[in-house]
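Visitor: Fold the following and give me the result.
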Amino acid sequence: MNWEAIGAVAESLGAIGVIASLAYLALQIRASNKLGRSEAKIAATTQMSSLLDSFISEPASSDIWARGRRNLRDLTPEDRARFDNIAMKGFMGYSAQYFQFRIRTIEQDDWAESYRAMVWWLEGRGMREWWRVFGRKIQSDTFQEFVDAEIRLIEEDLDQETKR
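Guide: Sure thing, here's the model as predicted:
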């Protein structure tokens, strides 16, 4: 065997090694991405579960949230302060999950769960009023526009139901 043949075999083996390394790297990146999405889902679930746990462990908070969601005028000033904090915590979570969905850290189905819960929150007149008076001031422009559009859809649906 001459040196040229040995060089050609070595180059071929090197190319095979590079291809194998790239394939291994692609598998590792894919596994890392799956893990990242899984961790994002767990974090989002933990955040919302924490809020729900506070409702379970403190029935007064649940009552304040339910009354405020319906109508902010049903709240005393002290209850309103607690409602503001509850709503802020919830919408900070929804904002984070919306961001994660936009950058594709969480899947469409995972965002759909949070989205449906957020819309349910916004179906309460008091929650929409809270958003307009306070909530939107503390959120990013992108999330503000998104929630404002959802509120318009909800209110259009309510108008249609009223006309029936």
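
Visitor: in the helix or strand hosting D109, what counts as buried?
Guide: Assessed by DSSP states H and E, D109 sits inside helix 108-122. Neighbour counts over helix 108-122 (16 or more other CB atoms under 10 Å) mark 110-111, 114-115, 117-118, 121-122 as buried. Yep, even glycine has a C-beta here, placed from its N, CA and C like the rest.

Visitor: any chance of those residues in a markdown table, plus pLDDT?
Guide: A markdown table is the format used below for the buried residues of helix 108-122 (pLDDT from 0 to 100):
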| residue | pLDDT |
| --- | --- |
| D110 | 89 |
| W111 | 92 |
| S114 | 92 |
| Y115 | 95 |
| A117 | 94 |
| M118 | 95 |
| W121 | 96 |
| L122 | 97 |
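
Visitor: State which helix of this structure is the longest.
Guide: Assignment by DSSP state H gives helix 3-57 as the longest helix of the chain.

Visitor: Name the next helix or strand downstream of that one, please.
Guide: Downstream of helix 3-57, the first helix or strand assigned by DSSP H and E is helix 59-70.

Visitor: Give me the residues contacting that next one.
Guide: 54-56, 74-75, 79-80, 82-83, 86-87, 121, 124-127, 130 (CB atoms under 8 Å, 6 or more residues apart in numbering).

Visitor: out of those residues, which are buried?
Guide: Buried members of the contacts of helix 59-70, counted by 16+ other CB under 10 Å: 55, 75, 79-80, 82-83, 86-87, 121, 124-127, 130.

Visitor: would you turn these into CSV with distance to I154 and secondary structure?
Guide: Below are the buried ones among the contacts of helix 59-70 laid out as CSV (distance: CB to CB, whole Å; DSSP: H, G, I helix; E, B strand; the rest coil):
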residue, distance to I154, secondary structure
F55, 23, helix
L75, 21, coil
D79, 24, helix
R80, 22, helix
R82, 24, helix
F83, 19, helix
I86, 20, helix
A87, 16, helix
W121, 10, helix
G124, 10, coil
R125, 10, helix
G126, 13, helix
M127, 10, helix
W130, 14, helix
